[in-house]
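**Q** requesting a structural model of the entry that follows:
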Amino acid sequence: MGVTGRIAQQFTESAAVKEAAREALAAPLATACELLSQTLLSGGRILACGNGGSAADAQHFAAELVGRFERERRELAAIALTTDSSILTAIGNDYGFHEVFARQVRALGNAGDLLLAISTSGNSANILAATAAAHAKKMRVIAMTGNGGGKIGATLTENDIHLCVPASRTARIQETHLLMIHCLCDGIDELLPGG
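**A** Below is the predicted model:
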């Protein structure tokens, strides 16, 4: 096939996954936009977490809210739990890597806040722990997963939103998660006053 053929195949696969996700996730994404907007309008904060590429997605999402997405608007309260190396390494060293997000959720989260939990596999132990911590704090959860949702999908309540990409390949899930993040940011901009 050669490198050129492989590249063309990547584009084809990515487009097919995004098309399938559009069919499956447009309505749940709209519901997630409404929940995120309601949370922010009521004075709540969005806490976001993930590992590896999903950590970058959490940071990207928080940056779009605190800064701006595509239009000028007021700053919105979002915190990526993936960015403080001192907190991450202290918790990882003293309590284990599975606690790096849960301890932050317990420290920073309040009832009325929301956790955006991102895991391509749906099985990340530290994301599972963060989700449990959010539930204990009476926070709602929006989980972005793939691969059938994994263990995280099974822990969500009727008050949570599960955005599961219909794919098993990590690269395709991550690409679609980025598009979904942009959909969420666009939806928030549209739903907030002055949108």
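**Q** give me the buried positions along stretch 84-103.
**A** 88, 91, 97-103 (16 or more other C-beta atoms under 10 Å). Where you see a C-beta, it was placed from the backbone N, CA and C, and this is true even at glycine.
**Q** could you do stretch 100-117 as well?
**A** So, applying 16+ other C-beta under 10 Å, buried residues of stretch 100-117: 100-105, 109, 113-117.
**Q** cool, and stretch 125-136?
**A** 126-131, 133-135.
**Q** what packs against the longest helix that the chain contains?
**A** Longest helix in the chain by number of residues (criterion: DSSP state H): helix 2-41. The contact analysis (3 or more C-beta pairs under 8 Å, 6 or more residues apart in numbering; DSSP states H and E) places helix 2-41 against strand 46-49, strand 114-118, strand 140-145, strand 161-164, helix 170-191.
**Q** mind running it again at 6 Å?
**A** Packing partners of helix 2-41 (3 or more C-beta pairs under 6 Å, 6 or more residues apart in numbering; DSSP states H and E): strand 161-164, helix 170-191.
**Q** return the most buried member of those.
**A** Highest mean neighbour count of the helices and strands packed on helix 2-41: strand 161-164, a mean of 21 (counted as mean count of other C-beta atoms under 10 Å).
**Q** can you list contacts of that strand?
**A** 25, 28, 31-32, 142-145, 149, 153, 156 (C-beta atoms under 6 Å, 6 or more residues apart in numbering).
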